[in-house]
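>>> sequence plus the predicted model coming up.
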Amino acid sequence: MAMVTESHIERLAETFIFNNPVFSNIQPTLKQLEFCLSMEHEAALLGGTGRGGTTALVMAAGMFTMIGEYRALLLRRQFTDLVLSGGLLDVCRRLYVPAGAVYHQQERCFIFPSGAQVQLGYCSCDADLDHWKSTQYHYHALDEIQDFPREHYRFFFERNRRTVDCSIPLRVRASGNPGGKYAAWVRDYFVKGEARDRRCILATQADNPNLDQAAYVASLKKLDPVARERALHGDFEIEPAGNMFKRPWFQFADANEVPPGYYVRAWDLAASTRTSSDFSVGAKMTESEGVYYLTDLCRFKGTPKEVQDRMKHTTTMDGVEVQIALEVEPGSAGKLSLDNLQRDTLRGYNVHPQRPIGDKVVRAGPLSSACEAGNVVLVRGPWNDEFIDECLLFPVGQHDDQVDAAALAFNTLAETTGIHEESSMSDSPFGYIEPFETDGSRY
């Protein structure tokens, strides 16, 4: 990269920011201005929520819209994320329309009087990458980068190009927070990593004078301690505050490394609809020579019918040889729910219902001990990070459904393999009793 002088940056700011109609009705914060004027090929504005990251991406994308050949792309992970309140589309309209840009909804593209274009898009899975294979942009940016796998971030470098006679700088930009599904690679690449042509700018809500600081900080105080530190201070290093699991305890393997064995799929079902904060989870596990392999974990929300349909599909894919473990609450309602599942959704499968004894911490104890001993292996998959994050927070985190399902699978397998063959309701260290009978038939 050529030497960048202070006078060069001043001219850049004067031409493409202070005399740019895109910036006519907004005053960039110091961190946003630093981000926009970054001369590195890659730059990320990371840190706490409320720092103005999305707005910074839109500002930077609008810098060269006075040049007709300029093309920019702003990406979110999901299509629905684009139209959220305060999201990319909202901010683009607020900055670009007063500058004369016209929004073409079908193409999700803002076209400026010069002919320059800023397009909005999404990339929720590998198949979506095909849509962008033949595109070319001077600028592309990923908003909430912690939601994107590193492979998707890398993919768009091939689209970041220009003609030989073009002087528009090529820029790759990102904005994001700690704690997301793919936050680990973002931390290692931007926060910890160093490169001559890559820049990381850290900011928090305190760097954004346009935000009502007092009200926002008061709202963040209602979060759990780890989520609060991540949102308030943008801390990528802080680990969840649970005391039952630690990150180094988890072992990993590829699917083809799992020995053949007896499988259990354990379900922890949410009691309400998709509007609830609770998830339904199915954890699939097998055991070989004292090592427990968590091979799959599905997690979703839905209405009771949608949950049953998902369970039925998953059970069909697993096959009849996989035992199904269900935690059933005491009382007639729990028995009725189990009866309905057995007669319809799980009909013809080996169902192993169990009443929970002891609290969630007690029931997760054996799984925690096995993890500490290095006897729990996770098969590499997209669910790994969310599962580990929940384990590290357990039992103080907002969610515990994945831990509950994994603990049920573990305890069921341990029982099946004879670790506590003679245990009773009162002395079982695993917190479960033997399968019970409901209507005269044993499940």
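It's in.
>>> what sits against S280?
Listed by C-beta atoms under 8 Å, 6 or more residues apart in numbering, the contact set of S280 reads W267, D268, L269, A270, R299, F300, K301, G302, V307, R310, M311, D401. Heads up, the C-betas are built off the backbone N, CA and C, glycines and all.
>>> er, L378 actually
By C-beta under 8 Å, 6+ apart, L378 lies in contact with F250, Q251, F252, A253, L294, N384, F387, I388.
>>> make it 6 Å
Listed by C-beta atoms under 6 Å, 6 or more residues apart in numbering, the contact partners of L378 are F250, F252, L294, N384.
>>> go on, E194?
If a contact means C-beta under 6 Å, 6+ apart, then E194 has no contacts.
>>> a strand runs through A406, doesn't it?
No - A406 sits outside any strand when classified using DSSP: H, G, I helix; E, B strand; the rest coil, being helix.
>>> isn't it up against V281?
No - the criterion here is C-beta atoms under 6 Å, and A406 misses it with V281 at 8.3 Å.
>>> okay, helices next: where are they in this protein?
In the chain, the segments counted as helices under DSSP state H are 6-13, 30-36, 53-61, 88-96, 150-155, 183-186, 213-220, 225-233, 304-318, 332-340, 360-372, 384-393, 401-416.
>>> using TSV, lay out the ones you listed together with mean neighbour count.
Formatted as TSV, the helices of the chain follow (neighbours: other C-beta atoms under 10 Å):
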stretch	mean neighbour count
helix 6-13	12
helix 30-36	20
helix 53-61	27
helix 88-96	20
helix 150-155	16
helix 183-186	20
helix 213-220	13
helix 225-233	19
helix 304-318	16
helix 332-340	14
helix 360-372	19
helix 384-393	20
helix 401-416	25
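>>> any idea which of the ones you listed gets closest to E69?
Nearest to E69 among the helices of the chain is helix 53-61 (14.9 Å), distances taken as C-beta to C-beta.
>>> avg pLDDT for that closest one?
Mean per-residue pLDDT for helix 53-61: 97.
>>> distance between it and the chain's centre?
Distance of helix 53-61 from the chain centroid (C-alpha atoms, centre = their mean, to the nearest Å) equals 22 Å.
>>> quick one: that helix to helix 88-96, angle?
50 degrees (axes from the mean of the first three to the mean of the last three C-alpha atoms, to 10 degrees).
>>> output the below-cut-off pLDDT ranges for the stretch 1-150 of the chain.
Within the stretch 1-150 of the chain, the ranges that satisfy pLDDT under 70 run 1-6.
>>> the same query, at a cut-off of 50, please.
For the stretch 1-150 of the chain, the stretches with pLDDT under 50 are 1-3.
>>> got it, and the stretch 201-350 of the chain?
Along the stretch 201-350 of the chain, the parts satisfying pLDDT under 50 run over 274-275, 331-334, 336.
>>> hey, where'd the strands end up in it?
251-253, 263-268, 280-288, 291-300, 323-327 (DSSP state E, counting those that start in this stretch).
>>> tilt between the third one and strand 323-327?
Orientation of strand 280-288 against strand 323-327 (the same axes, to 10 degrees) gives an angle of 130 degrees.
>>> name the surrounding residues that touch stretch 235-248.
Applying C-beta under 6 Å, 6+ apart, the contact partners of stretch 235-248 are 178, 187, 191, 225-226, 229, 368, 371, 391-394, 396.
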